[in-house]
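In: Provided below are the primary sequence and the corresponding predicted coordinates.
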Amino acid sequence: MSEEHWTGLVIAPDDRLDNDLLLAITLATGSTFEPLGRDDLGIVYAAGPERIIEVECAEVGAKALFIRTRSLERTSAIIDSIDRHTRTWTEQLLCTQLEQSLAEDPYALVSLLMATGGMPPRPATSALLARAVEHPDEQVRKAADYAIRISKAWTSFRVVS
């Protein structure tokens, strides 16, 4: 793909890419995403060179869909389809929520980094992570360290073919 677009959407831990959702994505994009199997990240669905990977971090109860398409328009169509079928959270939304509640649910930092879809975090997310690493609460510091360590595996999504 010459002009790839990556993103991530956090979904509820009990949600998944089921047949109804895959059909909705097909209707929105004209492409049929078929399961390719499981890789180190999760369950891979493909339509030509485009990918959706269902990624789970069971240790903290977080799940996301990593989306790689050939254009922002196709990504938007997929996101719209998913949003009509299940509740989702974006990086920006999670970052805003965590600004106010970091000490209440520090392991939500894992979901926040999942929402990047394997790409580098936005500046606001990076700033929040930097504050979390230096936070006076040890639990917040541990959660930040864990989120950063585990998210390194997700950057490999950019090279999945």
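Out: Arrived safely. Note that this is a predicted model, so its numbers are computed, not measured.

In: roughly how far apart are Arg16 and Ala108?
Out: In this view, Arg16 and Ala108 are 20 Å apart by CB to CB, to the nearest Å. The way it works is simple: take the backbone N, C-alpha and C, and place the C-beta from them, glycine included.

In: What of Gly118?
Out: With CB to CB as the criterion, Gly118 and Ala108 are 18 Å apart.

In: Where do the strands of the protein begin and end?
Out: For the chain, the strands defined by DSSP state E occupy 5-11, 34-38, 42-47, 50-57, 62-69, 88-89.

In: In its sheet, which strands sit next to the third one, and in what direction?
Out: Applying DSSP bridges, strand 42-47 is found paired with strand 34-38 (antiparallel), strand 50-57 (antiparallel).

In: Pull the residues that contact the last one.
Out: Under the contact criterion CB atoms under 8 Å, 6 or more residues apart in numbering, strand 50-57 has outside partners 1, 13, 16-17, 25, 31, 33, 39, 41-46, 62-70, 74, 78, 110, 114, 150, 154, 157, 160.

In: mean confidence score for stretch 139-152?
Out: Stretch 139-152 carries an average pLDDT of 91.

In: ok now that stretch, how far from the chain's centre?
Out: When distances are taken as CA atoms, centre = their mean, to the nearest Å, stretch 139-152 is centred 16 Å away from the chain's centroid.

In: next one: stretch 52-63
Out: With CA atoms, centre = their mean, you get 8 Å for stretch 52-63.

In: Pull out the buried residues from that stretch.
Out: Of all the residues in stretch 52-63, those buried under the rule 16 or more other CB atoms under 10 Å are 52-57, 60, 62-63.

In: And those residues, which is closest to Leu94?
Out: Ala62 (10.3 Å; CB to CB).

In: Can you give me every residue that contacts the closest one?
Out: 10, 13, 56, 107-108, 110-111, 114.

In: partners of it in the sheet?
Out: Here Ala62, judged by DSSP bridges, has bridge partners Cys57.

In: and the contacts of strand 50-57, which are buried?
Out: Counted by 16+ other CB under 10 Å, these give 17, 25, 31, 33, 41-46, 62-70, 74, 78, 110, 114, 150, 154, 157, 160 as buried.

In: one step back: how about the buried residues of stretch 52-63, which pair is most distant?
Out: Largest separation among the buried residues of stretch 52-63 by CB to CB: Ile52 and Val60, giving 21.5 Å.
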